[in-house]
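A.B. asks: My questions concern the predicted model and sequence given below.
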Amino acid sequence: MRLEFKKKVENLFVELNPALEAARKLDREMNRVFAHRFNVLDYVHTKELGLSRIIADLFDPNASHGQGTFFIKSLLTRLKNERSCVVDEKWLDFDSKGIHVSLEKTIKANRRIDIYVTIKSKSRTTYRLAIENKPYADDQENQVADYLKHLKENEENFLFIYLSSRGQKPTQKSLPESEYPKPENQEKDEWMSPFKIMAYHNEAGIAEIESDSTETNNTRERGDDTDADDELADYRISFSLANWLSECRKNCEVDRLRSFLRDAEQFCIKRFGDSNMVNDSEMQAVKEVIYSGDIQRNFEIAMAVSGAWPILEEEFYNKYVCFLKSEIEQKLKEEELFENCKVECRSNGIGAHQNGIWMFREAWKQYDLEKQDGRRTTAIYMKNDHNGPKTWIRGIASPIGLDEMSEVDKIRREELKSSLQKVFKRATTGDFWLYSEYVDPSVWKKEIPKLELELKKGGGEFTNKLVDRFLEIARLAIPEIDRLEMGV
């Protein structure tokens, strides 16, 4: 029975291969004529601040897009239709003179809210829309709690949106669930929350992107940490940023803007989505082959292949992390600077947050940890982040977060951060990271077959880029860490 099914799978793959080759040829020709793969956001700054600038510019009636309040009204209209959201008709009673948009609004304790929109209605009531943009980075200790406290103490009418890659909630150290706004003296159904969680994109939102309706539906988009029994459902916005951009594109009358909005929408989907299909032509080719033959047999095979893929993907990541470690270790032997550096890796499967590689000297000062196992020093890191193994971050990190450090360790960390800031021209203020940058996720998500070949061949272009950049960061960081932590 097993051999028979294996033969059926082989036959289906034989049928699929020419169809996929034809689809890829068609896609290349279409791209030559229509450039549908071209995306302007592939060439601009799309780290946290760059994305905040794009969103803030769309909100600003005086920005170069020339559409006045079109974008901000579009968002507020959708929010007005959200369940348990404070936005109502009164928020929309304004003209272009009543909107002021700020980037990185400074509040107490040198905190900065990423996007801060002041809305003055015609009735002279003031509303505030505040957005904390978290597409990549972790929260700082009490970060969101401090933002909400500031807004509660200083603003009578406000909405705070936590914008994360796929709708993840703030971390417990940033905003414990016990501190989420709760209804007071009102029925739950009537309660309106001044705090919402929104996603750049997740797979649940794909269907709505194709909808022409501006009304929200009852299907809530959820992040990776949510399920049907989500206790935070009242805090989640049912549409994503990609959905909103799609709606704006459909309703905008300016061709140049529609093109940009399409690029921004596709950026959200490709950067934060999970689809492994390379293009629509391939997807269509697969569908045609499956439906053209023995449908029952082909569906059974398709489900079997789909079920096997996560296991194959997990095996690949496990092998590739170990392979990267060996490639880095080979390069360490070539430079005196890396003498006495130790490289370790962890590969615990597709769902593990800490899969990755780190390099350190055992002679570096050790942090005061309660646990006696594991690395205790600062290290050069490359690992997957909260979005899973397909999104990798690299840089310099502490073994523990700020909230776990002793006062002495916090002082040491600040000294090292100041020193690294001079070297890297910036330093993150995250819980763990002293410096960080994201690895281009497109290869992880689309080119696994090529990476598997690189692994078998013992290296290749992408592997070399990963190793070289990792060591480039190490060359810049190690002298500063040596100086401050070893007195060298």
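C.D. replies: That came in fine, so what should we check first?
A.B. asks: Please, which helix or strand holds residue 161?
C.D. replies: Per DSSP states H and E, residue 161 falls inside strand 158-164.
A.B. asks: so what does the helix or strand that comes right after that strand touch, helix or strand wise?
C.D. replies: Proceeding N to C from strand 158-164, the next assigned helix or strand is strand 195-199, under DSSP H and E. Here strand 195-199 touches strand 158-164, going by 3 or more C-beta pairs under 8 Å, 6 or more residues apart in numbering; DSSP states H and E. C-beta: built from backbone N, CA, C; applies to glycine.
A.B. asks: Centre of the chain to the strand it packs on, how far?
C.D. replies: Distance, stretch centre to chain centre, for strand 158-164: 16 Å (C-alpha atoms, centre = their mean, to the nearest Å).
A.B. asks: And stretch 127-139, by the same measure?
C.D. replies: Mean C-alpha position of stretch 127-139 versus that of the full chain (C-alpha atoms, centre = their mean) differs by 13 Å.
A.B. asks: Could I get the average pLDDT for it?
C.D. replies: Per-residue pLDDT over stretch 127-139 has a mean of 88.
A.B. asks: Just the CA atoms from that stretch would do, formatted as PDB, please.
C.D. replies: The C-alpha trace of stretch 127-139 is given here as PDB (Å, rounded to 0.1, in the frame of the first residue of the first chain):
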ATOM      1  CA  TYR A 127      -8.900  63.400  20.400                       C
ATOM      2  CA  ARG A 128      -5.600  61.500  20.300                       C
ATOM      3  CA  LEU A 129      -4.700  58.500  18.200                       C
ATOM      4  CA  ALA A 130      -1.400  57.000  19.400                       C
ATOM      5  CA  ILE A 131       0.300  54.100  17.700                       C
ATOM      6  CA  GLU A 132       3.200  52.000  19.000                       C
ATOM      7  CA  ASN A 133       4.800  50.500  15.900                       C
ATOM      8  CA  LYS A 134       6.300  47.000  16.700                       C
ATOM      9  CA  PRO A 135       6.900  45.200  13.400                       C
ATOM     10  CA  TYR A 136      10.100  43.600  14.700                       C
ATOM     11  CA  ALA A 137      11.500  44.700  18.100                       C
ATOM     12  CA  ASP A 138      10.600  43.400  21.500                       C
ATOM     13  CA  ASP A 139       9.100  45.700  24.100                       C
END
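A.B. asks: Remind me which helix or strand residue 130 belongs to.
C.D. replies: Using DSSP H and E, residue 130 sits in strand 126-134.
A.B. asks: packing partners for that strand?
C.D. replies: On a contact count with 3+ C-beta pairs under 8 Å, 6+ apart, strand 126-134 meets helix 48-59, strand 112-120, helix 143-154, strand 158-164.
A.B. asks: Next, find the distance separating residue 200 from residue 167.
C.D. replies: Going from residue 200 to residue 167 by C-beta to C-beta, to the nearest Å gives 8 Å.
A.B. asks: nope, residue 475 is what I meant
C.D. replies: From residue 475 across to residue 167, the span is 38 Å (C-beta to C-beta).
A.B. asks: that older thread, okay, angle between the strand holding residue 130 and strand 158-164 too, please.
C.D. replies: On the basis of axes from the mean of the first three to the mean of the last three C-alpha atoms, to 10 degrees, strand 126-134 is oriented at 10 degrees to strand 158-164.
A.B. asks: what comes into contact with strand 126-134?
C.D. replies: For strand 126-134, contacts defined as C-beta atoms under 8 Å, 6 or more residues apart in numbering pick out 48, 51-52, 55, 76, 90-91, 105, 113-121, 143-144, 147, 151, 155-165, 168.
A.B. asks: quick one: low-confidence ranges for the stretch 101-250 of the chain?
C.D. replies: Low-confidence segments of the stretch 101-250 of the chain (pLDDT under 70): 137, 184-190, 203-230.
A.B. asks: go again using 80 as the cut-off
C.D. replies: The stretch 101-250 of the chain contains residues with pLDDT under 80 at 109-110, 136-138, 183-191, 202-231.
A.B. asks: picking up where we left off before, want to throw the helices and strands packed on strand 126-134 into CSV with distance to residue 180?
C.D. replies: Converted to CSV, those look like this (distance: least, C-beta to C-beta, whole Å):
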stretch, distance to residue 180
helix 48-59, 23
strand 112-120, 18
helix 143-154, 9
strand 158-164, 11
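A.B. asks: Among those, which comes closest to residue 450?
C.D. replies: helix 48-59 (28.0 Å; C-beta to C-beta).
A.B. asks: Identify the bridge partners of residue 128.
C.D. replies: Beta bridges link residue 128 to residue 118, residue 158, judged by DSSP bridges.
A.B. asks: switch to numbering from 651
C.D. replies: All set: I'll call the first residue 651, so the last point we hit is now residue 778.
A.B. asks: what's the neighbour count on it?
C.D. replies: 19 (other C-beta atoms under 10 Å).
A.B. asks: how much space is there between it and residue 709?
C.D. replies: Residue 778 sits 13 Å away from residue 709, going by C-beta to C-beta.
A.B. asks: Same question for residue 742.
C.D. replies: 14 Å.
A.B. asks: Contact partners for residue 696?
C.D. replies: Residue 696 touches 917, 921, counting by C-beta under 8 Å, 6+ apart.
A.B. asks: Tell me the secondary structure at it.
C.D. replies: For residue 696, the secondary structure call by DSSP: H, G, I helix; E, B strand; the rest coil comes out as coil.
A.B. asks: what touches both of residue 778 and residue 709?
C.D. replies: Here residue 778 and residue 709 share the contacting residues residue 767, scored by C-beta under 8 Å, 6+ apart.
A.B. asks: Sketch out the low-pLDDT regions of the stretch 1001-1138 of the chain for me.
C.D. replies: Counting by pLDDT under 80, the stretch 1001-1138 of the chain contains low-confidence ranges at 1001-1005, 1018-1025, 1034-1042, 1050-1054, 1075-1082, 1088-1098, 1136-1138.
A.B. asks: And the helices in it?
C.D. replies: 1057-1074, 1091-1096, 1098-1107, 1111-1135 (DSSP state H, counting those that start in this stretch).
A.B. asks: Which strand or helix spans residue 653?
C.D. replies: Using DSSP H and E, residue 653 sits in helix 652-684.
A.B. asks: and if you look at residue 892?
C.D. replies: helix 891-901.
A.B. asks: List the buried residues in that helix.
C.D. replies: Neighbour-count burial for helix 891-901, counted by 16 or more other C-beta atoms under 10 Å, picks out 891, 892, 893, 894, 895, 896, 897, 898, 899.
A.B. asks: contact partners of it?
C.D. replies: Applying C-beta under 8 Å, 6+ apart, the contact partners of helix 891-901 are 705, 708, 720-721, 724-725, 728, 813, 848-851, 855, 858-859, 862, 864, 907-908, 911-912, 914-915, 918-919.
A.B. asks: Would you confirm that residue 752 belongs to a helix?
C.D. replies: No. Residue 752 sits outside any helix when classified using three-state DSSP, being strand.
A.B. asks: which one is it nearest to, not counting chain neighbours?
C.D. replies: Nearest residue to residue 752, sequence neighbours excluded (C-beta to C-beta, 6 or more residues apart in numbering): residue 766, at 4.3 Å.
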